[in-house]
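>>> Structure, please.
(2 chains)
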Amino acid sequence: MSRFRKELSKGLVVSNPIFILFLGLCPALAVSTSVDNALGMTAGVLFVLVGANIIIAAIRKIVPNMVRIPVFIVVISTFVTVVSLVFQAYVPALYAALGIYLPLITVNCIILARAEAFASKNTIFNSIGDAIGMGLGFGGALIIISFFREILGTGSISIFGTHLLTLPVLGEHPMAMLALPPGAFLVIGLLLALFRRMGVVRSE
Amino acid sequence: MNNLITIFISMAIINNFIVARFLGLCPFFGVSKKLRNALSMGGAVTFVMLIASVATWVITNYILIPLDVLYMRIVVYILVIATLVQIVELTIKRTNLALYNAFGIYLPLITTNCAILGITLINFRESYSFIESIAAALGGGIGFAFILTVMSGIREKLELADCPRVMKGLPIAIFVAMLLGLTFFGFGGIV
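Presented below is the predicted three-dimensional model:
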């Protein structure tokens, strides 16, 4: 059990996929325009990570070493197909907002990296812990980025239609640039520098 | 013809794969340290994008649609891309060793580059015709190669610049990408 907890916690901070390993930057920047999108993306990635890690850990002794990468890719893309069909059926608005970035979970480096580096060498149980930790670490980073982009870029913040807060001055004059693509680079660059300054992330 | 030019320019400049769509960021930050590597990577990506677009267009229209299995497209596309990259790698190795050495490690890595799966998914979403997919792939690839080249030129100079310790390396590269993105954002009005 302690091993499980260790695998789970490492993805959150020590080897956070976004800020420490720099994996999966593409979706982190693209869908972080609002907290809603970030939560939807996190749910999708978490499901695919857990599903793919379970299957890959289960078949790790059967799959010949030579063809393991194609096998991993097929397993991952099958789970992505499941997620995108479910989203399309039950949350069509979110499905439209995520656009091509939902099917692109297939080539999200985090998932293939965890399959190759962890699930193909460890038991199913520990692989689930690893997947949940990495998924939540990815989601946490995504939510932090999208929080700053939404609140500064639009001046207010709302989650799934529930209005939470409007900033006094920014509400009327939002910094729209942060909601645009260049704003994503600005926010993630500043956060990375801040985490280095605080000593959470090692500097080069 | 006008339509094709619009698609090309929109893919290459306005909706640039790196600075506007955030596709292919891993090779972007990884490879853009040296000008030579950037050119090889840009060439390899453009080439694979082009053949992947052609292949997935044919498969979508002559296999997936007649059989009514469009929901399988993600699995099919990624397998097609992985196979194509293998074939291209073997062919280039046999026929042109100099080119093979120029591409180096970047060719096999392209399988998991989101820009390639991205262009095939965009072609499908926008339901581009055969010729339009080719224009989109060329535009996307050339735009990708262009930004990669510009970025590597800037980063070679950046190595010598004196910047705060916490900004060194990736954070400052991300800020450069932001400035490039802002510049390209200004092209938004041309189409």
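
>>> next structured bit after the lowest-mean-pLDDT helix or strand in chain B?
The weakest-scoring helix or strand in chain B, judged by mean pLDDT, DSSP states H and E, is helix B:106-109 (a mean of 72). Counting by DSSP states H and E, the next helix or strand C-terminal to helix B:106-109 is helix B:114-125.

>>> same for the least confident helix or strand of chain B, what does it pack against?
helix B:25-31, helix B:35-59, helix B:73-95 (3 or more C-beta pairs under 8 Å, 6 or more residues apart in numbering or on different chains; DSSP states H and E). Glycine gets a C-beta too; all of them are placed from N, C-alpha and C.

>>> ok, 6 Å please
Judged by 3 or more C-beta pairs under 6 Å, 6 or more residues apart in numbering or on different chains; DSSP states H and E, the packing partners of helix B:106-109 are helix B:35-59.

>>> Report the buried residues of the helix it packs on.
Across helix B:35-59, burial judged by 16 or more other C-beta atoms under 10 Å in any protein chain shown covers B:37-57, B:59.

>>> Wondering if stretch A:39-57 reaches chain B at all.
No: Stretch A:39-57 lies apart from chain B when judged by C-beta under 6 Å from any C-beta of the partner chain; the minimum separation is 11.2 Å.

>>> Report the backbone C-alpha coordinates of that stretch in PDB.
C-alpha atoms of stretch A:39-57 as PDB (Å, rounded to 0.1, in the frame of the first residue of the first chain):
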ATOM      1  CA  LEU A  39     -11.300  20.100 -16.200                       C
ATOM      2  CA  GLY A  40     -12.700  18.400 -19.200                       C
ATOM      3  CA  MET A  41      -9.300  17.700 -20.600                       C
ATOM      4  CA  THR A  42      -8.100  16.400 -17.200                       C
ATOM      5  CA  ALA A  43     -11.000  14.000 -17.100                       C
ATOM      6  CA  GLY A  44     -10.200  12.700 -20.600                       C
ATOM      7  CA  VAL A  45      -6.500  12.300 -19.900                       C
ATOM      8  CA  LEU A  46      -7.000  10.700 -16.500                       C
ATOM      9  CA  PHE A  47      -9.400   8.100 -18.000                       C
ATOM     10  CA  VAL A  48      -7.000   7.300 -20.900                       C
ATOM     11  CA  LEU A  49      -4.000   7.100 -18.600                       C
ATOM     12  CA  VAL A  50      -5.600   4.800 -16.100                       C
ATOM     13  CA  GLY A  51      -7.200   2.600 -18.800                       C
ATOM     14  CA  ALA A  52      -4.000   2.300 -20.900                       C
ATOM     15  CA  ASN A  53      -1.800   1.700 -17.800                       C
ATOM     16  CA  ILE A  54      -4.100  -1.100 -16.600                       C
ATOM     17  CA  ILE A  55      -4.200  -2.900 -20.000                       C
ATOM     18  CA  ILE A  56      -0.500  -2.400 -20.700                       C
ATOM     19  CA  ALA A  57       0.500  -3.600 -17.200                       C
END
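
>>> contact partners of it?
Defining contact as C-beta atoms under 6 Å, 6 or more residues apart in numbering or on different chains, one finds that stretch A:39-57 is touched by A:27, A:31, A:75-76, A:79-80, A:83, A:94, A:105, A:111, A:115, A:119-120, A:124, A:127, A:131, A:135, A:138-139, A:142.

>>> Just the buried residues of the residues you listed.
Buried members of these, counted by 16+ other C-beta under 10 Å: A:27, A:31, A:75-76, A:79-80, A:83, A:94, A:105, A:111, A:115, A:119-120, A:127, A:131, A:135, A:138-139, A:142.

>>> Just want the angle from the longest helix seen in chain B to helix B:114-125.
Looking across chain B with DSSP state H, the single longest helix is helix B:130-158. Counting by axes from the mean of the first three to the mean of the last three C-alpha atoms, to 10 degrees, helix B:130-158 points 150 degrees away from the direction of helix B:114-125.

>>> Quick one: mean pLDDT for helix B:130-158?
The pLDDT scores in helix B:130-158 average 91.

>>> which residues of chain B score low on pLDDT?
Scanning chain B for pLDDT under 70 picks out B:104-105, B:191.

>>> What values do phi and psi take at A:Thr162?
phi -90, psi 120 (degrees, to the nearest 10).

>>> State the helix or strand in which the closest residue to B:Ile92 other than its chain neighbours lies.
Nearest residue to B:Ile92, sequence neighbours excluded (C-beta to C-beta, 6 or more residues apart in numbering or on different chains): B:Tyr100, at 4.7 Å. Assigned by DSSP H and E, B:Tyr100 belongs to helix B:97-103.

>>> Could you do A:His163 as well?
strand A:162-166.

>>> for the record, mean pLDDT for that strand?
Averaged over strand A:162-166, pLDDT sits at 76.

>>> ok, the residue nearest to B:Ile92 - how many residues close by?
Using other C-beta atoms under 10 Å in any protein chain shown, B:Tyr100 is surrounded by 17 other residues.

>>> and it, how far is that from B:Lys33?
22 Å (C-beta to C-beta, to the nearest Å).

>>> Equivalent analysis for B:Leu50, please.
Taking C-beta to C-beta, one finds B:Leu50 at 26 Å from B:Lys33.

>>> what does chain B have sitting close to chain A?
B:20, B:22-23, B:25-26, B:74-75, B:78, B:112, B:114, B:117, B:121, B:165-169, B:171, B:174-175, B:177-178, B:181-182.
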